[in-house]
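> Sequence first, then the predicted structure:
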Number of protein chains: 2
Amino acid sequence: MCDFFVLIARAATALSKKSFTNARVSRIERAIVTAAHRPDADAPDAGKGQRVMIIGGDGYCGWATALHLSKRGYAVSIVDNLCRRQMDDQLGFNSLSPIKGIHERVRRWKEVSGCDIDLFVGDVCDYEFLGAAFKKFQPTACVHFGEQRSAPYSMMDRTRAVFTQTNNVMGTINVLYAIKEFAPECHCIKLGTMGEYGTPNIDIEEGYITITHNGRTDTLPYPKQGGSFYHLSKCHDSANMLFCTKAWNLRTTDLNQGVVYGLSTDETDMHPDLVNRLDYDAVFGTALNRFCIQAAVGHPMTVYGKGGQTRGFLNIKDTVRCIQIACDNPAPYGEMKIYNQFTEQFSVNELAEMITEAGKKIGLNPEVISVPNPRTEMEEHYYNAKNSKLQDLGLEPINMRGEFLEELLKQIVTYKDRVDQRLILPGVNWKESSSVAEVMAK
Amino acid sequence: MCDFFVLIARAATALSKKSFTNARVSRIERAIVTAAHRPDADAPDAGKGQRVMIIGGDGYCGWATALHLSKRGYAVSIVDNLCRRQMDDQLGFNSLSPIKGIHERVRRWKEVSGCDIDLFVGDVCDYEFLGAAFKKFQPTACVHFGEQRSAPYSMMDRTRAVFTQTNNVMGTINVLYAIKEFAPECHCIKLGTMGEYGTPNIDIEEGYITITHNGRTDTLPYPKQGGSFYHLSKCHDSANMLFCTKAWNLRTTDLNQGVVYGLSTDETDMHPDLVNRLDYDAVFGTALNRFCIQAAVGHPMTVYGKGGQTRGFLNIKDTVRCIQIACDNPAPYGEMKIYNQFTEQFSVNELAEMITEAGKKIGLNPEVISVPNPRTEMEEHYYNAKNSKLQDLGLEPINMRGEFLEELLKQIVTYKDRVDQRLILPGVNWKESSSVAEVMAK
């Protein structure tokens, strides 16, 4: 497309952006605008001029995102201390899929795609390291996945609760200071979680809520009710980032992500050595992936309690596209954008039903059992979370229903022999979280 | 006055107060209940059977509280790592009043009052120490003042920002685990701050707000907007404590305290060696105390910006009584009570005017200057915070206006020669907070 048409298309996009959230814009107008957004998003030079630092780029979401952006012309670096791999080693867990080491992954990616990814192995809690990485790479955007991301891990014992909040909250403070000090124009894209909201009895808005109270009105941060030390660490991050955004005039985006499922993206499928991790243990495995693995190996799907727990979900292929959209739409200086990053919401029982149906189609015979809920959470509740903002910016969601689940189950069956069934049952109880000494004594 | 007349007098007082939270309880019934509450609150055995651990008991609020409760028959222990004294040493600050070391203070208290205070010198971030203190003392209530409590300190540089959030948030997590592990019936009374709420354009409720949104209603944690890493650390504490209260069935009270002013309590006045600390430097000195000291030494009162910043205030004599009320009214298991602990609200300009008036009466000639605001905050805003719950439980507030300010100014004049005027001007700017390396380079 010649420059003139690009210009026109982008002008139309820009013009319409102001009124996106406005309900007065008709659906048709909206659809046209959406379509106009980044028609070249998949082009090999789509990210030209952008330099994206991906913190936590060796993890499940981070790795897929690094490859997705790298393939599309974004200059990408990965910052990771590889602690996720160490946690598996310490706990005797492993990814279902046989993942390669990060150095080998990056080398293979260069071979397969011709694209370089800069690798900085170190800890964001080490400011000397982080500052050096910022100075060296000079990012225009920093995508921050680099946190301990398991609720059960954070509830195993006091030491891990403190580790989770220290690592996550102080790491994010460091990232914000590094941006202020070394790259003040850098757009900070921070991964939060839908779990920050808890399960309020009112609709969940995207980050902010307008409250009328005693005759006055204000738009305030949506009240948060994190349900584990992990979820709470993300609440704290959001509050800290909002403050820094205003005090230091930063540009930031907070992505409250739902539960991510799936294994493949176009890029991780390009070579077996690029395969993403897939967790099925009771600590790091999340609901849908864990259920699929249980179904594939003939273990009953373990529904916690009544199974009415409802959450937002998205395919990992949508995760990577959401991150690209966030990169392409930096927040204005001094304003923190907040998007709810999920595409569909399901209860745990609905997941189990869909997997049962899909499993039967490919010759499996999935069963469901209810196990005592190790968490402290409501098992039947109202849940209605908004998620239109990313779709307004061009996201076309992938649905879970249909052939996807069958494909995922087939993929998993090929790894069947790698499953250690001892890891599947819940082992971390919210009420029993205690000091290491007490946990060990049990 | 005999008990009956005390009862009647308190009933009348309580009746005259505006708001009771439960409309179904008749005003009269409620007033009698309130009045009946602890008519013997000042008796020497008022606290019989209660064992109160005061974390941060060497600090401004903690020391006064320890003596107040000790005098009234509560068994008191102080847990403190004395880091507040070290901060003064490191920054070249000092209390205006000549305070004694904690060991000397406790010995003198025993001499003067006949009451023992157990002393545990150590860090709540050290769980081995904290657990040992809990096992040894077996508290029935734990009052947690033990946090870095200065907003400017938390904004000095990245290292102190991280220290503040680590120290405060992880310390509180440790306290909650220690209660769960060693004293599950212990009532946790945690000091928060009114600053957690920020300055929303709607009324500030006491901790929770009922929101009707899209036709549905829920009561949720009040949205928080902390305005410094310090204030944010208190927001994080509140969120963590609410979660633990529900998950572990703890009994907790969160006291969102306003700005505390004053020097004397009945107990600290009992001997010069028991004198409380009084901070006037730009880092630890809070608005009213700092203004009084400026007025007393002939330094203009330094109003930041327009001076319309409005906050809640309370006399330290009310702080100690609020803590006693909280001790005497433990939260039910699994429920976090939240009170706004202040008695009056004033703008910075109003404080300066009141001090000017009081100063003139005792022969001073106070002046006011506006200095550039080092903080990021609104300088003119709506502010209406609720504070009826503690008064419903029997608090009879002391007013700032009247003779109090004259007395405070007179007290301060006696310490006039100890003032180091170099410490008075603001030295910490919110926008300039950076790494230690950059701060040093300036």
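That came through fine.
> roughly how far is the helix or strand that contains A:Lys234 from the heart of the chain?
According to DSSP states H and E, A:Lys234 maps onto helix A:229-248. Averaging C-alpha positions (CA atoms, centre = their mean, to the nearest Å) puts helix A:229-248 16 Å from its chain's average.
> Let me know the next secondary structure element after it.
Following helix A:229-248 in sequence, per DSSP H and E, is strand A:251-257.
> mean confidence score for that following strand?
Average pLDDT, strand A:251-257: 98.
> Show the model's pLDDT score for the residue of the stretch 301-442 of chain A found nearest chain B.
Across the stretch 301-442 of chain A, the shortest distance to chain B (CB to the nearest CB) belongs to A:Thr376, at 4.3 Å. The way it works is simple: take the backbone N, C-alpha and C, and place the C-beta from them, glycine included. Per-residue pLDDT puts A:Thr376 at 94.
> so what's it up against?
A:227, A:430-431, B:246-247 (CB atoms under 8 Å, 6 or more residues apart in numbering or on different chains).
> Confirm that it sits in a helix.
No. Read with DSSP: H, G, I helix; E, B strand; the rest coil, A:Thr376 is coil and lies in no helix.
> Quick check: phi and psi at it.
phi -100, psi 100 (degrees, to the nearest 10).
> A:Asp218 falls within a strand, correct?
Yes. The assignment for A:Asp218 by three-state DSSP puts it in a strand.
> so it touches B:Asn201, yeah?
Yes. Applying CB atoms under 8 Å as the test, A:Asp218 and B:Asn201 come out as touching, 3.8 Å apart.
> Next, count neighbours for A:Leu425.
Using other CB atoms under 10 Å in any protein chain shown, A:Leu425 has 12 neighbouring residues.
> Same question for A:Lys317.
Neighbours of A:Lys317 using other CB under 10 Å come to 18.
> so when I look at it, I'm seeing a helix, right?
Yes. Assessed with three-state DSSP, A:Lys317 lies in a helix.
> For it, give its distance to A:Thr343.
A:Lys317 sits 10 Å away from A:Thr343, going by CB to CB, to the nearest Å.
> Spit out the residues that contact the two alike.
With CB under 8 Å, 6+ apart, A:Lys317 and A:Thr343 have common neighbours A:Ile398.
> Show the contacting residues for the closest residue to A:Lys224 other than its chain neighbours.
Distances taken as CB to CB, 6 or more residues apart in numbering or on different chains put A:Cys235 closest to A:Lys224, at 4.3 Å, once the chain neighbours are dropped. A:Cys235 makes contact with A:196, A:224, A:226, B:236, B:239 under the criterion CB under 8 Å, 6+ apart.
> Next one: A:Cys235 relative to B:Cys186, how far apart?
26 Å.
> can you give me the helices in the stretch 251-400 of chain A?
Using DSSP state H, counting those that start in this stretch, the helices assigned to the stretch 251-400 of chain A run over residues A:287-297, A:316-328, A:348-361, A:388-392.
> now what about stretch A:352-367, what contacts it?
By CB under 8 Å, 6+ apart, stretch A:352-367 touches A:288, A:291-292, A:294-296, A:298, A:300-301, A:303, A:307, A:346, A:368, A:400-401, A:405-406, A:409-410, A:413.
> any idea how far A:Glu147 is from A:Tyr153?
Taking CB to CB, one finds A:Glu147 at 11 Å from A:Tyr153.
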